[in-house]
Every structure is written in structure tokens, then in C-alpha cells.
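S.K.: Got a sequence here, can you build the structure:
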Amino acid sequence: MSLTELKAFARKAARAARAEAFERGPGDADARLIEALEPFGGAPLAGYWPIRTEIDPRPAMAAHFGPLALPVILGPGLPLVFRRWSPGAAVIEGPYGASVPETGDEIVPRVLIVPLLAFDRGGYRLGYGGGFYDRTLEGLRARGPVTAIGFAFAAQEIEEVPIEPTDQPLDLIVTEEEVIVPE
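M.R.: Here you go, the predicted structure:
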């Protein structure tokens, strides 16, 4: 089986696992994410607006006292940019159905809350296949320190994410059950 086929199979299984976990609810995920973000108080934080059955980081984002941003997709093959956002600010539908701030300055995040389909204990994530977060993290890390926090349901954990050389690892993974520091 090719890497592309492995990833497609893993994505299908991960979507099903995430959908089941979504039905059970986030449990203590918000509290764990808020606690994981405490050391970064005041730092620019980029989260995401959840789509489909993604776990929702907005309650933890609202508790953060630094600048907040949401990702904006500029086009295929390009890294994300992050537009300033605050709870209650107007959003519009962006590419792939994700809501993005209607207006706002671009900011460079120090911390990112990253959505995913699946993750492993090594810190790798399986996304939707566009490579947006991998390109973005590579560019941000080349400029200075940045912390990528995967936010997921515990049921999204798999034994090993199929990876390629361009995949960027996460620094932490937060679920409703635990905070994982990759091995």
C-alpha cells in the first residue's frame, strides 16, 4: 500500500472515531487546554474555528489574555496567515467551510492550537491532506520559537501516523483525558 493510500485509509478511520467521540462531548478538554496554555499567557495565540466534528478550542481561546487569531487559507500550496480575532467578532465563511475573521490585522502567532484527524504519541498528526499546517509550522519555526498544540479527542489517537519528510510534529497534544508530551 502506498503512503497516499495509507493516509487515505487512516483519514477515513479517524473521521469515524472523531465523529463518535464528538457525540460523547468534550469532557474536560477545555480545562486541560486552558491549563496547557497558561505558560504562554500574553503570547499571540492562533486557534481555529471548528468544522464538522472537530473539538472546539474557542472556550480556551476566550480564556487566553493575549492576542488571538484564526487561520486564513490564501490558496492551495501556500502557508496559512493568521488574522486577529476576538470572541464575538464578525466572521465569514472561508475556504473548506471554515469561518474566518471578516476583518483584522495579520498577526504572527507564538502558539498554535492545531486541528487534526488523528495523532500519535510521537507528536505527529494526520490532517486533511492540504499540508497547510505543515508549511505554516515549517515557516514559523524557521523564524523563531513556536509551540504547536494538537487539540483532539482521546479517541483520535492511533498507533502511528504515516508521515512524510515535510510533516511537522506537534509539541503537545491535549485531549479530554490528558496532556501528552510527545516521546
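
S.K.: Residue 181: how many residues sit nearby?
M.R.: Counted with other C-beta atoms under 10 Å, residues neighbouring residue 181 total 11. From N, CA and C alone the C-beta is placed, and that goes for glycine too.

S.K.: Now it: closest residue in space that isn't a chain neighbour?
M.R.: residue 172 (6.2 Å; C-beta to C-beta, 6 or more residues apart in numbering).

S.K.: ok, now residue 143?
M.R.: Excluding its sequence neighbours, the residue lying closest to residue 143 (C-beta to C-beta, 6+ apart) is residue 108, at 7.6 Å.

S.K.: do you know how far the one you found is from residue 96?
M.R.: Going from residue 108 to residue 96 by C-beta to C-beta, to the nearest Å gives 22 Å.

S.K.: cool, and residue 88?
M.R.: Taking C-beta to C-beta, one finds residue 88 at 23 Å from residue 96.

S.K.: The top helix by length along the chain: how far from the chain's middle?
M.R.: In the chain, taking DSSP state H as the definition, the longest helix is helix 3-24. Averaging C-alpha positions (C-alpha atoms, centre = their mean, to the nearest Å) puts helix 3-24 16 Å from its chain's average.

S.K.: just stretch 136-156 next, same as before
M.R.: 7 Å.

S.K.: First-to-last residue distance for it?
M.R.: Stretch 136-156 has its terminal residues 23 Å apart, counting by C-alpha to C-alpha, to the nearest Å.

S.K.: more neighbours, residue 88 and residue 96?
M.R.: The neighbour comparison of residue 88 against residue 96 (other C-beta under 10 Å) goes to residue 96, with 11 against 7.

S.K.: Where do the strands of the protein begin and end?
M.R.: 45-46, 68-72, 81-84, 91-93, 99-101, 111-114, 118-119, 125-126, 147-151, 172-174, 179-180 (DSSP state E).

S.K.: Quick check: can you name the pairing partners of the second one and their directions?
M.R.: Counting by DSSP bridges, the strands paired with strand 68-72 are strand 45-46 (parallel), strand 81-84 (antiparallel).
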